[in-house]
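In: Everything below, folded, please.
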Amino acid sequence: MTGMVTTKGFVVRQGDSFTINLQIHDEKRRPIDLSGATLIMQVRDDSGNLMFQCLGTEVDVVNGKMALILTPDMTNIAVGDYVTDIQLNTNDGSVNTIFPSDVGTVGVFRITEQVTIYNPHEDENTETFENASDEEEGDNNGLQS
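Out: The predicted structure is shown next:
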């Protein structure tokens, strides 16, 4: 669940999971009932190609809470900056871009480089510290086994 929300967008490490929790409220900061609403986020490259999209997951819709749950498959795209926004489509038919709130800008979705790439098949070829020390002879640096 690594990532960061900024005023201009999101920063996520390549191939990581990240959950964006949202609470939607009116101008008086009262929660909006999101029953029947759809939340969608799209991330596109600078040519407009869709890199991925994520549909919102209901958390507590009566109290305006939904989440965007980004999976490793979604964020496993090339390192770099992309454009994004989040739209809320309500059951009365209205479509509202809720992020970014400034209508003159687009959001930035930044993917940063990962170092560790987990492959479960690599475990078969990885020697653990315990296995390595069992094969070593000589001084245990004062440690008893």
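In: For the rest of this, base every contact and every neighbour count on C-alpha atoms.
Out: Noted.
In: Could I get the buried residue list for the host helix or strand of residue 51?
Out: For residue 51, the element it lies in under DSSP states H and E is strand 50-55. By 16 or more other CA atoms under 10 Å, the buried positions in strand 50-55 come out as 51, 52, 53, 54, 55.
In: so what's the last one bridging to?
Out: What it means is residue 55. Counting by DSSP bridges, residue 55 is bridged to residue 40.
In: ok, it - contacts?
Out: By CA atoms under 8 Å, 6 or more residues apart in numbering, the residues touching residue 55 are 38, 39, 40, 41, 68.
In: Can you tell me which of these comes closest to residue 12?
Out: For the contacts of residue 55, the closest approach to residue 12 (CA to CA) belongs to residue 68, at 13.2 Å.
In: Look at that closest one and tell me its secondary structure.
Out: strand (DSSP: H, G, I helix; E, B strand; the rest coil).
In: Any idea what it is bridged to?
Out: Under the criterion used (DSSP bridges), residue 68 bridges to residue 20.
In: about what we covered before: which among the buried residues of strand 50-55 gets closest to residue 24?
Out: Of these, the one sitting nearest to residue 24 (CA to CA) turns out to be residue 55, at 15.5 Å.
In: Just among the contacts of residue 55, which is most surrounded?
Out: Compared across those, residue 39 has the highest neighbour count, 23 neighbours, by other CA atoms under 10 Å.
In: Let me see the contact set for the spatially closest residue to residue 71 that is not a sequence neighbour.
Out: Closest residue to residue 71 apart from its sequence neighbours, by CA to CA, 6 or more residues apart in numbering: residue 17 at 4.7 Å. Counting by CA under 8 Å, 6+ apart, residue 17 makes contact with 1, 2, 69, 70, 71, 72, 75.
In: With residue 110 instead?
Out: Counting by CA under 8 Å, 6+ apart, residue 110 has contacts 9, 10, 11, 12, 79, 80, 81, 82.
In: And residue 43, how far from residue 87?
Out: In this view, residue 43 and residue 87 are 12 Å apart by CA to CA, to the nearest Å.
In: tell me, what's touching these two both at once?
Out: The contact sets of residue 43 and residue 87 do not overlap (CA under 8 Å, 6+ apart).
In: thinking again about what came up before, next secondary structure element downstream of the strand holding residue 51?
Out: From strand 50-55, the next helix or strand downstream (DSSP H and E) is strand 57-60.
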